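>>> return atomic coordinates for the entry below.
(2 chains)
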2 protein chains.
Amino acid sequence: MIRRTFQAAMSLGRHRVLPGAPYVLPKLNPTSAFGSSTDSLVSRLCQRKTDKKDYALPNASWCPDMLNLYQEFLEKTKTEGWIKLPSFKSNRDHIQGLKLPFGLAVASDKSDSRIFTRCIQEEGQGYEYVIFFHPSEKKSICLFQPGPYLEGPPGFAHGGSLATMMDETFSKTAYLAGEGLLTLSLNIRFKNLIPVGSLAVLNVDVEKIEDQKLYISCITQSRDKQIVYAKCSGVFLQLQLEEESPQ
Amino acid sequence: MIRRTFQAAMSLGRHRVLPGAPYVLPKLNPTSAFGSSTDSLVSRLCQRKTDKKDYALPNASWCPDMLNLYQEFLEKTKTEGWIKLPSFKSNRDHIQGLKLPFGLAVASDKSDSRIFTRCIQEEGQGYEYVIFFHPSEKKSICLFQPGPYLEGPPGFAHGGSLATMMDETFSKTAYLAGEGLLTLSLNIRFKNLIPVGSLAVLNVDVEKIEDQKLYISCITQSRDKQIVYAKCSGVFLQLQLEEESPQ
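The predicted structure is shown next:
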């Protein structure tokens, strides 16, 4: 079995030389955050022409707050440069045609694999969320409505479900903003519990990109910003994906 | 809507006096960690006589490593004081007859609510786990096998699914070891990815109980301890639960 040590990856990234190694070495490009332009990253992740179901679309379970804010940001995609990210059943669909570095793409015979945040398919029961990304400002907004299958304390979302939502929003943001690919750390302070079925708004910012690491922060609040649910910071490792060779 | 501010709770806990307030004030007892004995907490959480399904039992999806280690710890429940915790569909089943403080028990018309870590009912597809707790040593072991619905990178568990598993093991441990009830913070460093379908072992220790807070740590490893998947520390707030008044 291949060892998948982030530390090894980081050390590789730092030295940027390892002749003959099977790893994909990041090609640092001083003119962009990393190797690829944000535009090409966005168009890759957000394939417009696909027959895959996009789960980040309104359904009957969305509360009025969630629907209203969704419409508001949808307007901003036309006028203020925001992009609505589609959300497919699996990350395999998002990174089609790309090879994960460090032997990460292990063979799997599971045909029905799902990204954790889309593990529950009944509308409104699990994760309802949509992420909007702003390329030039390197920030994201995630509208998150936890369902009754995400419970921790009776009537409220499990802390882990919010940690997951923050990690997932971070990871999409980190990738689009600068090829951040692996979560190195998460630091979460919980302030209030999120009632099941209500809207929580995640405001995510890329603070800096330095030494092949992205530093990201998030504040999760009620829509009116009167209740802070949690604050989180995270560090992601930059790793460039390689095109898969044709079969 | 009732504001559910942990900070308010902490401040209450610190002063321990607020005449006329609707909150349940913790009754500090210097002879035990908090108000109740570990024995009574364990017998409450782990009701032996119940018709509720215990999800923390072996099924056909468990890998050999998970089954073997489960049997090993089951033996230790007879000889070394370990306790196997049952795992019901909802935390409502675990805290039956107890009232959450600070107006946390909001009314909910959702009859089919589930604790997040039991959100997927198909065997082997989501969370497979079992927690063993050692009362006198105030530590826990969690055997965790992530299924293909918990994916992050293709073939590997989502970082959020591990964060959730750590938070859930922390929360049961914190409650049993000293009535720790609300997660105040989590600090996670990810080291390696967990392949879907394989076993990860969480070793959880209560480091100290001080000023109404429990400090807990966790190291998550492969069974042979050759691969460290993540390290985590967490802080929980102590809050004593009150018996519900008879209807």
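>>> what's the spatially most central residue of chain A in contact with, if anything?
Residue closest to the average C-alpha location in chain A (C-alpha atoms, centre = their mean): residue A:172, at 2.7 Å. Contacts for residue A:172 were tallied using C-beta atoms under 8 Å, 6 or more residues apart in numbering or on different chains; they are A:45, A:85, A:131, A:133, A:140. Just so you know, the C-beta spots here come from the backbone N, C-alpha and C atoms, and that holds for glycine as well.
>>> next one: the third one from chain B, what distance?
Noted for residue A:131: a distance of 14 Å to chain B, by C-beta to the nearest C-beta, to the nearest Å.
>>> state the pLDDT value of that residue.
At residue A:131, the pLDDT value in this model is 98.
>>> OK, contacts around it?
Counting by C-beta under 8 Å, 6+ apart, residue A:131 touches A:56, A:84, A:85, A:87, A:140, A:141, A:142, A:169, A:172, A:173.
>>> kindly recompute the last result at 7 Å.
The neighbours of residue A:131, taking C-beta atoms under 7 Å, 6 or more residues apart in numbering or on different chains as the test, are A:56, A:85, A:140, A:142, A:169, A:172.
>>> what's the burial count for residue A:243?
8 (other C-beta atoms under 10 Å in any protein chain shown).
>>> confidence score at it?
72.
>>> which of the helices and strands in chain A ranks last by mean pLDDT?
Least confident helix or strand of chain A, by mean pLDDT, DSSP states H and E, is helix A:6-15 with a mean of 48.
>>> what's the first helix or strand after that helix?
Downstream of helix A:6-15, the first helix or strand assigned by DSSP states H and E is helix A:38-45.
>>> output the contacting helices and strands for that following helix.
If contacts are counted by 3 or more C-beta pairs under 7 Å, 6 or more residues apart in numbering or on different chains; DSSP states H and E, helix A:38-45 sits against helix A:159-178.
>>> which strands or helices does the next helix-or-strand element following the helix it packs on pack on?
Using DSSP H and E, the helix or strand that follows helix A:159-178 in sequence is strand A:180-190. Helices and strands touching strand A:180-190, as assessed by 3+ C-beta pairs under 7 Å, 6+ apart, comprise helix A:6-15, helix A:159-178, strand A:228-238, strand B:180-190.
>>> partners of strand A:180-190 in the sheet?
Strand A:180-190 has its sheet partners listed here by DSSP bridges as strand A:228-238 (antiparallel), strand B:180-190 (antiparallel).
>>> now the angle from that strand to helix A:159-178?
If you take axes from the mean of the first three to the mean of the last three C-alpha atoms, to 10 degrees, strand A:180-190 sits at 140 degrees to helix A:159-178.
>>> which residues sit against strand A:180-190?
Outside strand A:180-190, the residues that touch it by C-beta under 7 Å, 6+ apart are A:6, A:9, A:159, A:163, A:166-167, A:170-171, A:174-175, A:213-214, A:230-239, B:6, B:159, B:163, B:183-190.
>>> stretch A:216-236 now?
Outside stretch A:216-236, the residues that touch it by C-beta under 7 Å, 6+ apart are A:65, A:69, A:162, A:166, A:169-170, A:173-174, A:180-192, A:194, A:199-207, A:213-215, B:3.
>>> of those, keep whichever come out buried.
Among the contacts of stretch A:216-236, those classed as buried by 16 or more other C-beta atoms under 10 Å in any protein chain shown are A:65, A:69, A:162, A:166, A:169-170, A:173-174, A:180-192, A:194, A:199-202, A:204-206, A:213-215.
>>> ok, the nearest residue to residue A:57 once chain neighbours are set aside - contacts?
Of all residues not flanking residue A:57 in the chain, residue A:130 sits nearest, at 7.6 Å (C-beta to C-beta, 6 or more residues apart in numbering or on different chains). By C-beta under 7 Å, 6+ apart, residue A:130 lies in contact with A:56, A:70, A:84, A:143.
>>> what's the helix or strand for residue A:130?
Using DSSP H and E, residue A:130 falls within strand A:127-134.
>>> strand partners (parallel or antiparallel) of that strand?
If you go by DSSP bridges, strand A:127-134 pairs up with strand A:83-85 (antiparallel), strand A:139-146 (antiparallel).
>>> the inter-axis angle of that strand versus helix A:38-45?
Relative orientation of strand A:127-134 versus helix A:38-45 (the same axes, to 10 degrees): 150 degrees.
>>> phi, psi of residue A:123?
The phi and psi torsions at residue A:123 (degrees, to the nearest 10) take the values phi -60, psi 130.
>>> could you check how far it is from chain B?
13 Å.
>>> wait, doesn't that residue sit right on residue A:62?
No - counting by C-beta atoms under 7 Å, residue A:123 does not reach residue A:62; the two are 8.9 Å apart.
>>> which of the two has more neighbours?
Neighbour tally, residue A:123 and residue A:62, criterion other C-beta under 10 Å: the higher count belongs to residue A:62, 20 against 13.
>>> distance of the more buried one from chain B?
Residue A:62 is 16 Å from chain B, where distance means C-beta to the nearest C-beta.
>>> could you find the closest non-adjacent residue to residue A:41?
Distances taken as C-beta to C-beta, 6+ apart place residue A:176 nearest to residue A:41, at 5.2 Å, with adjacent residues excluded.
>>> residues in contact with the one you found?
Per C-beta under 7 Å, 6+ apart, neighbours of residue A:176: A:38, A:41, A:42, A:45, A:133.
>>> report the contact partners of residue A:202.
A:141, A:142, A:144, A:165, A:166, A:169, A:218, A:220.
>>> three-state assignment of the nearest residue to residue A:229 once chain neighbours are set aside?
Nearest residue to residue A:229, sequence neighbours excluded (C-beta to C-beta, 6+ apart): residue A:220, at 4.3 Å. Following DSSP: H, G, I helix; E, B strand; the rest coil, the label given to residue A:220 is strand.
>>> quick one: pLDDT of residue A:220?
98.
>>> returning to what we had before: tell me the one among the contacts of residue A:176 nearest to residue A:77.
Taking C-beta to C-beta as the measure, residue A:77 lies nearest residue A:133 of these, at 10.0 Å.
>>> how much space between residue A:240 and residue A:175?
For residue A:240, the distance to residue A:175 equals 11 Å [C-beta to C-beta, to the nearest Å].
>>> equivalent analysis for residue A:120, please.
Distance of residue A:120 to residue A:175, given as C-beta to C-beta: 24 Å.
>>> check residue A:47 too.
Distance from residue A:47 to residue A:175, counting by C-beta to C-beta: 14 Å.
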